[in-house]
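Q: sequence-free structure coming up:
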Ligand SMILES: [Zn+2]
């Protein structure tokens, strides 16, 4: 919002330097976004907070400056020289049909004016703040709005059917051509100003073309009213009309601000356009509400701010801002001026005092906090550890947007997963909340591959959203996604690449479960939407599917513009993250040496490693300390449908050294067990 | 680097020296051992063999040659010793030979300037790094980290925060709705409401998480971004505490020389409200492109919690008070790391991510 310093200086002594002025305005909450020299004036672009409609005009800003500088404030002259022998009440009547929508309507009549250009001083002031001068009468209404803050409107009285103003809701099918030349279709939600026959203005937003002041107009009806902020907001929004007037009416103007504004404008019209001001101010209103009175305890000021501000300072600040202060500091009785519709509680007054006492004068202290009861949300801590494990496993963290396209999500969704749509999306491409993280990661992979960076190894942890089976809202759960692709990262100039595959993902996820102290996922071959059949697995916990891993199907990869094989995994980890952190506990180490024996078994392919693992772990042999798979072999010497697995067993006891014979015999027993259970033969 | 020729004692020299052939043999053996120690390749070994056992000039061969002229008894004795010496030397030469053969396989002659084997470490996203820095400043001061849902109800996101239905801040332009009372939270403040409902003061929490605004993506806006808010509630928490805490935070994050500026602001859920600017970390407050010449960057919004918010969660605003603050982590990361387009953060270009491998 633009303000002219020349204009401001009409009401208050300004500091010598612009820098001092901008610092001063910033420190009382009116941030100066920009300073421009225009003609001989300095124009400030102020960021006025939306609740400070009182400061959206030059006099209001001058009031802040005067308070901050403890300088006198000089209000503009609103005294009116009425002409005897002509009464406004005889020339026009005001009728309010919707008192909720229009709580007050003030008008004056000025006769025998001459419409012409504004004097240079006024045109210049308007121009430097970006307004286009039109004619003296219209310019005066704009000038007064930017001077005192209350929007005004001037009608050509001779064009008012029935010399009558009616404030009412628009009729069905009613239309109005507004001053900008656009014809507007109105509804019963719009408040209009009408004459006896038709709408002549959209209340609080814009006047109508049918009663516009133009060259030749001689009699003026000047309007200053109070319209319901919500009604003005709704009309302005529905019709897409954001005007200087609606901006102010939407923010709750003072119920008495139009009186001085209408008088000031009438006086200016008489001065600059000739004419005579008829006697009497038309003022249609119900009983006005009492001004707000609040008590302000200086103890409360001290308690909230942490400093003791002298009683005299408190009183001085508030009075300069227009508050009436009575009583003593134990509990001041403060009457809020009507232009401060933002003030309704004691704390609001504390802010006024603090603003003009100066935030910079408050000392910096640290509160005495007690040690927290909880060390933090366990899920937050677990998520942080999970990220560290993924980083240690060589994955880079990606953060991808939560909003995306339905089609991108659909490829990975099962029939019973419905993504959550946005009712008022920014665009179609941002119409859905993610139900899976993988589409976002695939977009990232494509971004990188397209830039020649084919080796991608990423993870993301974030919320996924699906529709609940009934009702609105969303089911929101944390998931972990991994993605890898590329020819394989070369570790050393002497070695060759190895392209990543499912077992990279599996190894990572096994390490994740171990490190996090989570139970290991069971891996089961299965088909998954978005994955290549035969190259994908379901991950289960206690029989429940938690996620999947596998190769992204060629169709889905192509959808993201990817031609190379991409491997991904995505798992719901909501419950895992909520598990209590694993307790670290020492278990004594055996002091006795052990022995290692390998065995190669030729088994049917249908014997999965899971089965072998289960058979080995089921053995109650205290000397069997561990086992691992060291080789899987299928060659010419192995019949088709079979494979050779080489297993390495470690034997050790905690209480004594095993003899070679004992180890051999234990090894023989495991071997026989496996052959008995799965058939096949030892190689 | 074997011994140079000529240093090998000869029988002639020996004879001249003390004339005892037995002593010469002993001396030859000792000398041989010394020289054998420094043999490092096959050529040196051949040279050594030739010098002691060579048919023409071998030092021990010479002993045999001279032996014939010795008296019978001494000749037998010397012959026996010389034979033993020859066997010993031959065996030692064979040993050295096989040791050399073995050593050829183990020999170290690395070009140590070649690059090392790459360790493929992962990395955290810069937003996570910035958030962890922020969290750690506050947890060191005794704050807990708390999270909550991204999909919220109107009441938690607006109503409880003193933003009634007709308030301009609820503009449909700013909020993404799901239908019914549900919306995507526009700030993480609902988590503060939930925490206050669940627990009694005193409280000191920070609340990170994704929030949503109905903003078209550009260099400074993305429709979802990460925010971190904080809340302190107790019987005596004051505005000076707010200032001290946030000034400390700015210094901890951007460096001790950072200065802060508090100016009045407007948020429906705080009163008094304050915006905090910090001296621009890019130019130390002298004015640059990052701070548009002002020397200041907007860092966070804050204020004393509005009594209506305490009333909404069932706290008595006459007996408890506190402060709250909120900042965009994306923005903090951008300022902290000098990123000029926020969208870069969500592209996840590997070259970009690599720069944050810590
Ligand atoms: Zn700067």
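A: It's in. Model, not experiment: these values are computed from the prediction. Numbers count the residues shown, from 1 in each chain, chains lettered A, B, ... in the order given.
Q: and the helices in the stretch 301-450 of chain A?
A: A:311-320, A:346-357, A:378-392, A:406-410, A:438-449 (DSSP state H, counting those that start in this stretch).
Q: just for the stretch 51-200 of chain B, where's the confidence low?
A: B:104-107, B:172-173 (pLDDT under 70).
Q: quick check: residues of the stretch 51-200 of chain A near chain B?
A: With Cβ under 8 Å from any Cβ of the partner chain as the criterion, the stretch 51-200 of chain A comes near chain B at residues A:51-52. From N, CA and C alone the C-beta is placed, and that goes for glycine too.
Q: in the stretch 51-200 of chain A, what residue comes closest to chain B?
A: residue A:51 (5.2 Å; Cβ to the nearest Cβ).
Q: relative to residue B:20, how far out is the closest residue to residue A:641 other than its chain neighbours?
A: Ranked by Cβ to Cβ, 6 or more residues apart in numbering or on different chains and with sequence neighbours excluded, the top spatial neighbour of residue A:641 is residue A:605, at 5.7 Å. Distance, residue A:605 to residue B:20, by Cβ to Cβ, to the nearest Å: 82 Å.
Q: ok, now residue A:160?
A: 150 Å.
Q: give me the neighbour count for residue 29.
A: Just going to use chain A. By the measure other Cβ atoms under 10 Å in any protein chain shown, the count of residues near residue A:29 is 25.
Q: let's do chain B instead
A: Around residue B:29 there are 17 residues (other Cβ under 10 Å).
Q: isn't it right up against residue B:92?
A: No: look at residue B:29 against residue B:92 with Cβ atoms under 8 Å: they stay out of range, at 9.4 Å.
Q: run the chain-centre distance for stretch A:140-147.
A: Relative to its chain's centre, stretch A:140-147 lies at 35 Å (Cα atoms, centre = their mean, to the nearest Å).
Q: quick one, what contacts the residue nearest to residue A:641?
A: A:641-643 (Cβ atoms under 8 Å, 6 or more residues apart in numbering or on different chains).
Q: can you lay out these as CSV showing neighbour count and secondary structure?
A: Output for the contacts of residue A:605, formatted as CSV (neighbours: other Cβ atoms under 10 Å in any protein chain shown; DSSP: H, G, I helix; E, B strand; the rest coil):
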residue, neighbour count, secondary structure
A:641, 9, coil
A:642, 17, strand
A:643, 18, strand
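Q: closest to residue A:61 among the residues you listed?
A: residue A:643 (84.8 Å; Cβ to Cβ).
Q: please name the bridge partners of the closest one.
A: Taking DSSP bridges as the rule, residue A:643 bridges to residue A:603.
Q: tell me the one of the contacts of residue A:605 nearest the ion?
A: Nearest to the ion out of the contacts of residue A:605 is residue A:643 (Cβ to the ion; 66.0 Å).
Q: what about that closest one, distance to residue A:600?
A: Taking Cβ to Cβ, one finds residue A:643 at 10 Å from residue A:600.
Q: what's the overlap in contacts for these two?
A: Common neighbours of residue A:643 and residue A:600 (Cβ under 8 Å, 6+ apart) are residue A:633.
Q: strands of chain B, start to end?
A: B:144-145, B:151-153, B:177-179, B:182-184, B:203-212, B:224-234, B:260-264, B:270-279, B:296-305, B:321-328 (DSSP state E).
Q: to residue A:105, which of those strands lies closest?
A: Taking those one by one with Cβ to Cβ, strand B:270-279 is closest: 33.3 Å.
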